[in-house]
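# Fold the following.
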Amino acid sequence: MEKMSRTKIVDLLKREDFGAMVNVKGWVRTRRGSKQVNFIALNDGSTINNVQVVVDLGNFDEEMLKDITTGACLSVNGTLTESVGSGQKAEVQAREIEVLGTCDNTYPLQKKGHSMEFLREIAHLRPRTNTFGAIFRIRHNMAMAIHNFFHDRGFFYFHTPIITGSDCEGAGQMFQVTTKNLYDLKKDESGSITYDDDFFGKQTSLTVSGQLEGELAATALGMIYTFGPTFRAENSNTPRHLAEFWMIEPEVAFNDITDNMDLAEDFIKYCVQWALNNCADDVKFLNDMFDKGLIERLQSVLKDSFVRLPYTDGIKVLEEAVAKGHKFEFPVYWGVDLASEHERYLVEEHFKRPVILTDYPKEIKAFYMKQNEDGKTVRAMDVLFPKIGEIIGGSERESDYSKLVSRIEELDIPMKDMWWYLDTRKFGTCPHSGFGLGFERLLLFVTGMTNIRDVIPFPRTPHNAEF
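Below is the predicted model of the structure:
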């Protein structure tokens with residue numbers, strides 16, 4: 001077969017130089033036709049759209065043609081021709097075909113609908129489906145949008161450690177990192193494990209957040225963001241939780257809570273607009289196949305400014321709803337950590353647009369949040385979205401050394417792990433704020449998927465670490 005340089009299908013479908021010789025490579029989605037002519041739908045992952053390859057059977061070896069089955073990989077040389085009726089304006093009249101990889105009938109992605117549950121069992125093959133091709137192209141685009149947003153605004157991308165000796169959220173649900181033989185652990189007199197013979201000589205874990213180190217960077221570089229994997233050993237098998245996920249955490253010196261809310265709103269709108277501008281084909285496919293209201297919902301988030309509402313007022317709205325007969329599974333009272341049903345009620349039923357809740361009770365928020373004058377609440381902010389609930393959580397940070405120390409003592413956080421963090425409040429402290437966006441939660445919103453396991457290539461959840 002004559003060697004030609006390959007044209008990606010995404011580029012080929014835009015071309016109008018009909019009559020040109022082209023080479024396309026890709027995987028067979030479907031093959032149909034009559035005894036004389038076959039039509040092969042070929043996809044190479046560059047776009048949701050297939051290119052139609054027209055094969056005049058008389059010109060090709062019968063044995064080779066038998067190998068052109070769903071899933072097989074082909075290289076095709078042919079003439080670019082104007083298409084009549086395949087929904088595309090260009091197709092390829094095959095002149096030479098080489099089967100690069102055969103695919104027998106045990107291939108699980110035959111031409112029929114597959115459930116999301118089934119596709120999770122074959123996560124190594126699911127990127128080849130239209131749905132997951134679309135999702136993972138959008139995932140790439142969202143990562144690019146994030147870097148562009150911050151770079152254009154003068155932020156610095158800062159890499160925080162994945163292996164850490166501190167627990168940022170005080171959650172205690174961390175994966176330990178060790179090289180020790182777990183059947184032969186060394187213990188001290190009191191029966192506690194000693195780590196002096198371990199790789200780092202101390203207990204270490206996978207990070208739950210890059211925030212604490214991000215704060216150090218913000219008090220030096222001014223405006224930073226982190227974007228990397230984070231790990232939570234929560235035993236929650238829900239459609240919204242992963243044990244390994246990606247997180248974006250900007251941290252900005254001299255920003256107060258209002259600046260922080262402005263940044264969060266600008267940021268998320270930028271990402272949604274990017275998806276509409278740069279992933280139109282993929283978003284439209286997901287809209288048509290899975291969630292008829294997707295595009296409308298993405299556009300609606302852009303057109304209104306987000307409601308900004310103190311937690312106390314939010315509780316009042318929810319209590320009024322209960323008084324009028326609305327049934328929540330979980331109780332509503334001042335001091336409760338809102339469940340996603342409460343968050344979604346505020347967004348979807350009451351305000352009908354995204355809500356930023358502020359000034360939460362300090363008891364339900366992390367130790368590092370700035371305390372308000374009332375002594376009861378902190379300058380926290382959660383951005384609540386339709387269908388998701390909380391998509392961003394953040395706060396103005398406590399910059400007062402003594403207030404921070406007393407909060408750490410109240411919560412019994414081991415001081416020996418926190419000395420370096422407290423140094424930022426000792427040596428030239430400044431007001432600063434930041435937030436965390438779970439990347440996969442953003443992707444749930446942008447793709448219309450309902451399970452977080454379907455927006456990350458290889459989900460890590462309790463009892464599941466396949467592939």
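
# Okay, now the unreliable bits of this protein?
Residues of the chain meeting the criterion pLDDT under 70: 86, 166-172.

# That one: helices as residue ranges?
In the chain, helices defined by DSSP state H lie at 9-12, 62-66, 116-121, 130-152, 211-221, 257-278, 280-289, 294-303, 311-323, 340-344, 401-410, 419-426, 439-447, listed in chain order.

# How far does the second one sit from its chain's centre?
So that's helix 62-66. Centroid displacement of helix 62-66 relative to its chain, using Cα atoms, centre = their mean, to the nearest Å, is 43 Å.

# Could you list every helix and strand in contact with that helix?
Applying 3 or more Cβ pairs under 8 Å, 6 or more residues apart in numbering; DSSP states H and E, one finds that helix 62-66 makes contact with no other helix or strand. Any C-beta I mention is one placed from the backbone N, CA and C, and that applies to glycine too.

# what do you get for the fourth one?
The criterion is 3+ Cβ pairs under 8 Å, 6+ apart, and the helices and strands that helix 130-152 contacts are strand 156-157, strand 223-231, helix 257-278, helix 280-289, helix 439-447.

# Pull the distance from stretch 423-432 to the chain's centre.
Computed by Cα atoms, centre = their mean, the chain-centroid distance of stretch 423-432 equals 32 Å.

# Other residues contacting it?
Stretch 423-432 is contacted from outside by 215-216, 218-219, 251-256, 396-401, 404, using Cβ atoms under 8 Å, 6 or more residues apart in numbering.

# One more pass at 6 Å, please.
Taking contacts as Cβ atoms under 6 Å, 6 or more residues apart in numbering, the residues outside stretch 423-432 that touch it are 216, 218, 219, 253, 256, 397, 399, 401, 404.

# Distance-wise, check the closest residue in space to the second one that isn't next to it in sequence relative to residue 393.
Distances taken as Cβ to Cβ, 6 or more residues apart in numbering put residue 251 closest to residue 218, at 3.9 Å, once the chain neighbours are dropped. Distance of residue 251 to residue 393, computed by Cβ to Cβ, to the nearest Å: 13 Å.

# Distance to residue 246 added to the contacts of stretch 423-432, as TSV?
As requested, those are arranged in TSV below (distance: Cβ to Cβ, whole Å):
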residue	distance to residue 246
216	21
218	20
219	25
253	24
256	27
397	22
399	28
401	33
404	28
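
# which one of the residues you listed sits closest to residue 300?
Minimum distance to residue 300 across the contacts of stretch 423-432 is 28.6 Å, recorded for residue 256 (Cβ to Cβ).

# how much space between residue 287 and residue 299?
Note on residue 287: its distance to residue 299, by Cβ to Cβ, is 11 Å.

# Ignore what I typed, I meant residue 193.
Looking at residue 193 against residue 299, where the rule is Cβ to Cβ, the gap reads 54 Å.

# Kindly tell me how buried residue 287 is, as a neighbour count.
The burial metric for residue 287, expressed as a neighbour count using other Cβ atoms under 10 Å, is 18.

# And residue 425, by the same measure?
Here the count is done by other Cβ under 10 Å, and residue 425 has 20 residues near it.

# Also residue 98?
13.

# got the contact list for it?
Applying Cβ under 6 Å, 6+ apart, we find residue 98 in contact with 1, 75.

# For residue 380, name its beta-bridge partners.
When bridges are taken as DSSP bridges, the partners of residue 380 come out as residue 395.

# related to what we said a few turns ago, select, out of the helices and strands packed on helix 130-152, the one closest to residue 60.
Proximity of the helices and strands packed on helix 130-152 to residue 60 was assessed by Cβ to Cβ; the nearest stretch is helix 280-289, lying at 31.3 Å.

# That closest one to helix 130-152, inter-axis angle?
Calculated by axes from the mean of the first three to the mean of the last three Cα atoms, to 10 degrees, helix 280-289 forms an angle of 130 degrees with helix 130-152.

# what's helix 280-289 packed up against?
The criterion is 3 or more Cβ pairs under 6 Å, 6 or more residues apart in numbering; DSSP states H and E, and the helices and strands that helix 280-289 contacts are helix 130-152, helix 294-303.

# Let me have those in JSON lines, adding distance to residue 89 as columns.
Output for the helices and strands packed on helix 280-289, formatted as JSON lines (distance: least, Cβ to Cβ, whole Å):
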{"stretch": "helix 130-152", "distance to residue 89": "20"}
{"stretch": "helix 294-303", "distance to residue 89": "23"}
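
# Just name the most buried of these.
Of those, the one with the most neighbours on average (mean count of other Cβ atoms under 10 Å) is helix 130-152, at a mean of 18.

# contacting residues for the residue nearest to residue 245 when sequence neighbours are not counted?
When the adjacent residues along the chain are set aside, residue 245 lies closest to residue 440, with 5.1 Å between them (Cβ to Cβ, 6+ apart). Contact partners of residue 440, counting by Cβ under 6 Å, 6+ apart, are 245, 452, 455, 456.
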